[in-house]
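1. Provided below for reference: sequence and predicted model.
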Amino acid sequence: MTTSRVPLSILDLVPVASGTDTSTALDQSVELVRLADALGYTRYWYAEHHNVATFASSATSLLIGRAAEHSKRIRMGSGGVMLPNHSPLMVAEYYGTLAEMYGDRIDLGLGRAPGTDPATAAALRRGGAATDTFVQDVVDLQRYLGTRDAQGPEVRALPGQGTKVPLWMLGSSLDGAAVAAYLGLPYAFASHFAPQMRHEALRLYRSRFSTEFGTAEISQPYAMVGVNVLVAPTDDEARFLFTTAQQMAAGIYTGRRGPLQPPVEDLATVVGPEVARFVDDFQQVRAVGSPETVVAELEALVADLEADELIITTYTHDPAHRARSFTLLADAWGLGQAD
């Protein structure tokens, strides 16, 4: 076992497979949390998405609470809360409540995008103005979760105040990297779906990282990187099963997004060569294959991006294959078994 490998975490969007329903997907997610907890993964995060038939992850705080109730030690969190959709006070109350319930197991990842299409974003918007207040919202949120001093605001997050829930900045471009560096926060880059700027964004984050603003939660840069992963006993089976995730990505390109589809033998015959080329580029940060193949690819990714942690996302039509993938990877990566 290699003890120097970086931590592994899981990002779950609660995918709904064809032939099933939302309730089933939610129950399957709980079972995967139990498994990840036992296998030794570091975090299990949920990502906020709206008005997408593929996913059932619009209410992250509810998902986290249910999952935390069915796990013992794994950190639960948002990857992330899309802050333009919410008031900082309400987010502080929700996640402060989770912290009071489950102690120091809650992470709060924050995103700048709405996590949906423009029309849905307009319906979610918490005000008529389109002014970008993201940085100030993050500062306000941190203040609500911190310890109130004598000069603190009269409006308090109760629960929330004093819980100091750890904040993470999420990003898929240079903007998130700059904000994370300026505020002194750990940074999670979404290279699993936005790979093009990964090197530049991570370089910017590390070069500009500062603890001078007074909001820093860490003393030095810490970068987590998203990666598409699917592990199976053989390379061929893994590549076959991965076509479910590829069809999902094709739906993003074509605008026809629906439940996860069964795997296919030849993706190009299903989606066409042009779409297949988009999918290959869209999911270029991936590790798909046997345990040995995936470990080698992940180690190369860590070295290339100098990642401090990896957060994986895995899509399969059959949830048993996703559970198997998590298990095979945990064993091959050398994750410790939880007590």
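-> Ah, there it is. Numbering: from 1, shown residues only.
2. contact partners of the lengthiest helix in the chain?
-> Across the chain, the longest stretch assigned as helix under DSSP state H is helix 235-254. Helix 235-254 is contacted from outside by 15, 54, 193, 228, 230-232, 257-258, 260-265, 267, 270-271, 275-276, 278-279, 282-283, 286, 288-290, 293-294, 314-317, 321, using Cβ atoms under 8 Å, 6 or more residues apart in numbering. C-beta coordinates here come from the backbone N, C-alpha and C atoms, glycine included.
3. swap in stretch 28-35?
-> 10, 12, 14, 44, 63, 66-67, 70-71, 74, 76, 319, 322-323, 326-327.
4. among those residues, which lie within helices?
-> Counting by DSSP H, the members of the contacts of stretch 28-35 that fall within helices are 63, 66, 67, 319, 322, 323, 326, 327.
5. contacts only, for the fifth one.
-> Looking back up the chat, that one is residue 322. Counting by Cβ under 8 Å, 6+ apart, residue 322 has contacts 32, 314, 315, 316.
6. mind checking how far the second one is from residue 287?
-> In other words, residue 314. 10 Å (Cβ to Cβ, to the nearest Å).
7. pull up the overlap in contacts between these two.
-> 228, 229, 230.
8. which residue packs closest to the first one, ignoring adjacent ones?
-> Using Cβ to Cβ, 6 or more residues apart in numbering and skipping residues adjacent in sequence, the residue nearest residue 228 is residue 286, 3.9 Å away.
9. burial check on the one you found, number of neighbours?
-> By other Cβ atoms under 10 Å, 24 other residues sit near residue 286.
10. would you map the helices across the chain?
-> Using DSSP H, the helices of the chain run over 22-39, 60-69, 88-102, 118-124, 134-145, 174-183, 198-208, 235-254, 267-271, 273-282, 291-305, 319-333.
11. buried stuff in stretch 205-219?
-> 205, 206, 209, 215 (16 or more other Cβ atoms under 10 Å).
12. scratch that, stretch 290-304 is what I was asking about
-> Neighbour counts over stretch 290-304 (16+ other Cβ under 10 Å) mark 290, 291, 293, 294, 295, 297, 298, 301, 302 as buried.
13. is residue 124 in contact with residue 49, as I believe?
-> No: Residue 124 lies out of contact with residue 49 (Cβ atoms under 8 Å); the separation is 11.4 Å.
14. got the phi/psi numbers for residue 258?
-> Backbone geometry at residue 258, expressed as degrees, to the nearest 10, gives phi -150, psi -170.
15. quick one: it and residue 54 touch, right?
-> Yes: shown here, residue 258 and residue 54 form a contact pair, counting by Cβ under 8 Å, at 6.5 Å.
16. between the two, which has more neighbouring residues?
-> More crowded of residue 258 and residue 54, by other Cβ under 10 Å: residue 54, with 20 against 13.
17. leaving out sequence neighbours, find the closest residue to the more buried one.
-> Nearest non-adjacent residue to residue 54 (Cβ to Cβ, 6+ apart): residue 257, at 5.4 Å.
18. pull the contacting residues for that neighbour.
-> 52, 53, 54, 248, 251.
19. show me what contacts the closest residue to the second one other than its chain neighbours?
-> Pointing back at residue 53 there. Nearest residue to residue 53, sequence neighbours excluded (Cβ to Cβ, 6+ apart): residue 258, at 5.1 Å. Residue 258 makes contacts with 18, 53, 54, 251, as judged by Cβ under 8 Å, 6+ apart.
20. go again with 10 Å.
-> Contacts for residue 258 (Cβ atoms under 10 Å, 6 or more residues apart in numbering) come out as 16, 18, 52, 53, 54, 247, 248, 251.
21. low-confidence stretches in the stretch 201-339 of the chain?
-> Where the stretch 201-339 of the chain drops to pLDDT under 70, the residues are 337-339.
22. repeat that for the stretch 51-200 of the chain.
-> For the stretch 51-200 of the chain, the ranges with pLDDT under 70 are 114-117, 121, 125-131, 149-153.
23. show residues contacting stretch 202-212.
-> Contacts of stretch 202-212 (Cβ under 10 Å, 6+ apart): 169, 171, 174-187, 189, 191, 197, 216-223, 225, 304-307.
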